[in-house]
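Enquirer: sequence? don't have it. structure:
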């Protein structure tokens, strides 16, 4: 009951505070859950990132979309209630040894037609610049051939709610969604992650 | 409320509404015939005017409180658009929280209480110094001067200057109290009238650009024609104001000149930042600051001219 009403309310509030406007890729049909599993990848610079991205997705896509979040951060206390019960996050361990489990959990969450929101940098950037992408995204694409990866650039959210701050400054932020990409035949890990990173960077 | 019994004021308000209604019909008919940019611009201006009307009415009916709240909200939205374009970063976060959630409402509380000695210096003196200190305390010096200056600019234009519009409600003119709403109506009417006629004359007769690098739309023909119309309007409605015809004409000239300057300066700011509009609040036609840029320059000058001309 909590998650029915609370999640959309939080999303509405996030859009109000950040004044987020969204730009979709031209010429691409809007995503629908039945089009297959999708991973939205975005740059990460603020706790507001997930909520803002989630709030601009069309209703039916949003309902099938779950965030991937770090267990060491969101796995305890109030954060855990928010992450697990309100937004149905997939909690994974960021530490090196747990990589296999993390990918398995993400694959399970994707299922046949689910979507994930993933921040491949693995941590929040301090100044909005996009850091190197971690390997989980590549492994996901290898294990699930044909996985659709949608790059998203979140602009100015690091100015609305920077790392280390609790209160947001109500600036106008933007969400730029790009055309979907797929892992290429025989494309290496380094090549693919670099291409994905440039896809996100190039959106703004 | 005595204002609603003041027949001159009511006649002016009715006249303005009538003009607006006619303009709306004309503009809608024009839009059916043509989708040109000019027609869309006119329609969006007229829409903004209807909003201003509704708000003005609500403000009058709440005995002025509504005006302070409305302009406070406008300042908040304008500041938001301005700061989005400013080059602020992490170190300015706390300063910006103060600017949005303390300085802005405080300014309007002071204006609502008529505390002239405070609201006329709070931002230029205390706010100015505080912004610099708070950002310095955050410890990040890269681009410090520029970032701090941009926040101070935002507060001055979006909050301080605009707050002089509702501040008119507290002015006594020629010894008579309660003239405030007429002053505010005069300011907004003349400012918007001058704005739109500068635009129209510019489109119809514009040849010689004033500052082509800044704004390709501002021409001498538009400026002179629009300003002349504003002065004629101002002089023409002197009977609904506490001024003599000459005073009204002179004040209208001041409003139109400053309004033009406001538009010019904000165009320079937008050019600097490489944007066409300040925001997207008003669907496809720019943000709040785009609609009130002329008012932010006209309001403080008009306030002080009236204060000087008519005494307190």
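Expert: Here it is on my side, so go on. What you are looking at is a predicted structure, and each value in this text was computed from that prediction instead of being measured.

Enquirer: Show me what the helix or strand containing residue B:14 packs onto, helices and strands only.
Expert: Element membership of residue B:14 [criterion: DSSP states H and E] is helix B:7-33. With contacts defined as 3 or more Cβ pairs under 8 Å, 6 or more residues apart in numbering or on different chains; DSSP states H and E, helix B:7-33 has these neighbours: helix B:37-61, helix B:180-205. C-beta here means a position set from N, CA and C on the backbone, and glycine is covered the same way.

Enquirer: For the longest one, name the packing helices and strands.
Expert: Yep, that's helix B:180-205 we're talking about. With contacts taken as 3+ Cβ pairs under 8 Å, 6+ apart, helix B:180-205 sits against helix B:7-33, helix B:37-61, helix B:162-167, helix B:220-236, helix B:245-273, helix B:288-310.

Enquirer: one more time with 10 Å, if that's ok
Expert: Helices and strands touching helix B:180-205, by 3 or more Cβ pairs under 10 Å, 6 or more residues apart in numbering or on different chains; DSSP states H and E, are helix B:7-33, helix B:37-61, helix B:65-85, helix B:162-167, helix B:220-236, helix B:245-273, helix B:288-310.

Enquirer: How about the first one?
Expert: Contacts of helix B:37-61 with other secondary structure elements, assessed using 3+ Cβ pairs under 10 Å, 6+ apart, are made with helix B:7-33, helix B:65-85, helix B:180-205, helix B:288-310.

Enquirer: what about it, distance to the chain center?
Expert: Mean-position distance between helix B:37-61 and its chain equals 13 Å (Cα atoms, centre = their mean, to the nearest Å).

Enquirer: tell me which residues of that helix are tucked away?
Expert: Buried residues in helix B:37-61, counted by 16 or more other Cβ atoms under 10 Å in any protein chain shown: B:39-49, B:52, B:55-56, B:59-60.

Enquirer: Report the contact partners of residue B:82.
Expert: Under the criterion of Cβ atoms under 10 Å, 6 or more residues apart in numbering or on different chains, the neighbours of residue B:82 are A:171, B:150-151, B:153-155, B:157-159, B:266, B:269, B:278-279, B:287-289.

Enquirer: Would you mind finding the longest strand in chain A?
Expert: strand A:148-155 (DSSP state E).

Enquirer: what inclination does that one have with respect to helix B:65-85?
Expert: Relative orientation of strand A:148-155 versus helix B:65-85 (axes from the mean of the first three to the mean of the last three Cα atoms, to 10 degrees): 110 degrees.

Enquirer: tell me the average confidence for strand A:148-155?
Expert: The pLDDT scores in strand A:148-155 average 93.

Enquirer: all helices in chain A, in order from the N-terminus.
Expert: For chain A, applying DSSP state H gives helices covering A:2-18, A:48-56, A:59-63, A:71-74, A:77-80, A:99-110, A:136-143, A:157-160, A:189-201.

Enquirer: And the ones you listed: which comes nearest chain B?
Expert: Of all the helices of chain A, helix A:157-160 sits nearest to chain B, with 6.5 Å by Cβ to the nearest Cβ.

Enquirer: Tell me where the model's unsure across the stretch 101-250 of chain B.
Expert: Where the stretch 101-250 of chain B drops to pLDDT under 70, the residues are B:175.

Enquirer: Residue of it nearest chain A, please.
Expert: Nearest residue of the stretch 101-250 of chain B to chain A: residue B:101, at 8.1 Å (Cβ to the nearest Cβ).

Enquirer: what number of residues lie near that residue?
Expert: Applying other Cβ atoms under 10 Å in any protein chain shown, we find 14 residues neighbouring residue B:101.

Enquirer: I'd say it and residue A:169 touch.
Expert: Yes - with contact defined as Cβ atoms under 10 Å, residue B:101 reaches residue A:169; the gap is 9.0 Å.

Enquirer: rewinding a little: orientation of the helix holding residue B:14 relative to helix B:180-205 in degrees?
Expert: Using the same axes, to 10 degrees: helix B:7-33 against helix B:180-205 is 30 degrees.

Enquirer: give the contact list for residue 119.
Expert: Answering for chain A, as no chain was given. A:40-45, A:49-50, A:53, A:67-70, A:125, A:133-134, A:137, A:154.

Enquirer: Please refer instead to chain B.
Expert: Listed by Cβ under 10 Å, 6+ apart, the contact set of residue B:119 reads B:106-113, B:160, B:163-164, B:167, B:170.

Enquirer: buried subset of those?
Expert: Buried among the contacts of residue B:119 (16+ other Cβ under 10 Å): B:106-108, B:110-112, B:160, B:163-164, B:167, B:170.

Enquirer: Filter those down to the ones in helices?
Expert: B:106-108, B:110-112, B:163-164, B:167.

Enquirer: Show me the two of the residues you listed that sit farthest apart.
Expert: Largest separation among those by Cβ to Cβ: B:106 and B:164, giving 15.5 Å.

Enquirer: What pLDDT is listed against residue B:301?
Expert: Looking at residue B:301, its pLDDT reads 97.

Enquirer: residues in contact with the closest residue to it other than its chain neighbours?
Expert: Excluding its sequence neighbours, the residue lying closest to residue B:301 (Cβ to Cβ, 6 or more residues apart in numbering or on different chains) is residue B:258, at 4.7 Å. Going by Cβ under 10 Å, 6+ apart, residue B:258 touches B:191, B:194, B:294-302, B:305.

Enquirer: any chance of those in CSV, plus distance to residue A:10?
Expert: Output for those, formatted as CSV (distance: Cβ to Cβ, whole Å):
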residue, distance to residue A:10
B:191, 40
B:194, 45
B:294, 38
B:295, 36
B:296, 34
B:297, 40
B:298, 41
B:299, 38
B:300, 40
B:301, 44
B:302, 44
B:305, 49
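
Enquirer: Can you list the neighbours in contact with the worst-scoring helix or strand of chain A on mean pLDDT?
Expert: Of all helical and strand segments in chain A, the minimum by mean pLDDT, DSSP states H and E falls on helix A:2-18, at a mean of 78. Residues from elsewhere that reach helix A:2-18, judged by Cβ under 10 Å, 6+ apart: A:20-22, A:46, A:48-57, A:59, A:62-63, A:81-82, A:84-88, A:154, A:156-157, A:159-161, A:167-175.

Enquirer: Quick one: buried ones out of the residues you listed?
Expert: Buried members of the contacts of helix A:2-18, scored by 16+ other Cβ under 10 Å, are A:20-22, A:46, A:48-57, A:62, A:82, A:84, A:86-87, A:154, A:156-157, A:159-161, A:168-175.

Enquirer: now, which of those residues lie close to chain B?
Expert: Counting by Cβ under 10 Å from any Cβ of the partner chain, A:21, A:156, A:159-161, A:168-174 from these sit close to chain B.

Enquirer: which of these lies closest to residue B:221?
Expert: When those are compared for distance to residue B:221 (Cβ to Cβ), residue A:172 wins out at 35.1 Å.

Enquirer: can you tell me how far the residue minimising distance to the centre of chain A sits from chain B?
Expert: Closest to where the C-alpha atoms of chain A average out (Cα atoms, centre = their mean) is residue A:117, at 2.8 Å. Distance, residue A:117 to chain B, using Cβ to the nearest Cβ, to the nearest Å: 24 Å.

Enquirer: Can you name the residues that contact that residue?
Expert: A:38-42, A:49-50, A:53-54, A:57, A:65-69, A:87, A:89-90, A:150, A:152.

Enquirer: Now do the contacts for the nearest residue to residue A:194 once chain neighbours are set aside.
Expert: Among residues not flanking residue A:194 along the chain, residue A:133 sits closest, at 7.8 Å (Cβ to Cβ, 6+ apart). Residues in contact with residue A:133 (Cβ under 10 Å, 6+ apart) are A:41, A:43, A:118-122, A:189, A:192-197, A:200.
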